[in-house]
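Chemist: need a structure here:
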Amino acid sequence: MGLSVAIPESSLSDESLKIDKTRKISVLARACAIFKIDTIFVYQEGNNKQDGNLLVMILKYLETPQFLRKRLFPKINDLKFAGVLHPLRIPSHVTPANPKKIKVKDVREGIVVAVKGKKFVDVGINQLIPFFGGTPIGKRTTVQFKQEYPNFSVKEIKKEEIPTYWGYSVKERANLFSLLSEWKGNIILTSRKGRTATKDQLTKYTNSDQPTLVVFGSPEKGIHEILGNKIKNVQNAKSLNFFPDQATETVRLEEALLGTLAIINLAKRGN
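Modeler: Prediction:
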């Protein structure tokens, strides 16, 4: 079961200070990493472009292994409070720096560099490795080792070829309806107006070979308000309430994301 989520640009609208917005993004990223989210879609909603840019930037920053961040992310104001971010510590980040510990078939993230007209990949071991893949210079790539120390040899691979969870990707979409229209798979619309989520209902998704997209509304608007009458035209979608009988007036996005994904994961483990 492949699992992705959709959150709005306005996800941070209930926070006024950039440091608090940064902390919130950190919680969202951690929740997505914990439950092995494939893609985080950030869709436009309202007039929140500045918050949307911050959201996308920090989500990508957190997913990037630490040794690559200085090369891929310039010193900009959006990363002013990067020090409050909690590391994801996913498998692509937890890698030994000692080149002698690298084994054949190990997978690493790296950045493609040029030296005297030839392409190499820097995987964070203070040793450049010849690179013959198609990724352009200055871009990030994923490689698998074919030979060990000291004569390293690597090949470029796709994320789908890696047996363990290797992180999420971040994609932007113009609006929620266009995202749902192009999605090839199942859709769960999280809403207090939906039917109470049960194990039997969730089994449909956890047993499916099709990917599932879990959609969240904004702090000001639920999914039904965002989509309006267009919600009737969304295919393969079901509106579910994961917090029936909630005592609080609202459930914050970071709470809804963590709670919903935990419930889906429990249903998946129970199959």
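Chemist: If you drop the residues flanking it in sequence, what lies closest to Ile19?
Modeler: Nearest-residue entry for Ile19: Phe81, 4.5 Å, with adjacent residues in sequence omitted and distances by C-beta to C-beta, 6 or more residues apart in numbering. C-beta: built from backbone N, CA, C; applies to glycine.
Chemist: list the contacts for Thr260?
Modeler: Shown in contact with Thr260 (C-beta atoms under 8 Å, 6 or more residues apart in numbering): 190, 214, 216, 242.
Chemist: Could you export the residues you listed to CSV, including columns for pLDDT, distance to Lys100 and neighbour count?
Modeler: Rendered in CSV, the data for the contacts of Thr260 read as follows (pLDDT from 0 to 100; distance: C-beta to C-beta, whole Å; neighbours: other C-beta atoms under 10 Å):
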residue, pLDDT, distance to Lys100, neighbour count
Thr190, 97, 48, 25
Val214, 98, 42, 24
Phe216, 98, 45, 22
Phe242, 97, 48, 22
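Chemist: any idea how far Ser4 is from the residue nearest the centre of the chain?
Modeler: The chain has Tyr168 as the residue nearest its centroid, 3.4 Å off, counting by C-alpha atoms, centre = their mean. As judged by C-beta to C-beta, to the nearest Å, Tyr168 and Ser4 stand 8 Å apart.
Chemist: Mutual contacts of the two, please.
Modeler: Residues touching both Tyr168 and Ser4 (C-beta under 8 Å, 6+ apart): 37-40.
Chemist: Helix, strand, or coil at the closest residue to the residue nearest to the centre of the chain other than its chain neighbours?
Modeler: Excluding its sequence neighbours, the residue lying closest to Tyr168 (C-beta to C-beta, 6+ apart) is Ile37, at 4.8 Å. Look at Ile37: counting by DSSP: H, G, I helix; E, B strand; the rest coil, its state is coil.
Chemist: Ile37 against Leu3, yeah?
Modeler: Yes. Using C-beta atoms under 8 Å as the test, Ile37 is close enough to Leu3 to be in contact (5.8 Å).
Chemist: list residues touching both of those two?
Modeler: Leu261.
Chemist: what's near enough to touch Ile157?
Modeler: Contacts for Ile157 (C-beta under 8 Å, 6+ apart) come out as 107, 142-144.
Chemist: Equivalent analysis for Thr22, please.
Modeler: Going by C-beta under 8 Å, 6+ apart, Thr22 touches 54, 58, 81-82, 84-85.
Chemist: Please tell me which one of those counts the most neighbours.
Modeler: When neighbours are counted by other C-beta atoms under 10 Å, Ile58 leads the contacts of Thr22 with 25 neighbours.
Chemist: SS state for it?
Modeler: Quick answer, by three-state DSSP: Ile58 is helix.
Chemist: cool, and Gly138?
Modeler: coil.
Chemist: and Pro136, what is it in contact with?
Modeler: Neighbouring residues of Pro136 by C-beta under 8 Å, 6+ apart: Val112.
Chemist: Show the model's pLDDT score for it.
Modeler: Pro136 is assigned 96 on the pLDDT scale.
Chemist: mind checking the backbone torsions on it?
Modeler: The phi/psi pair for Pro136 (degrees, to the nearest 10) reads phi -70, psi 160.
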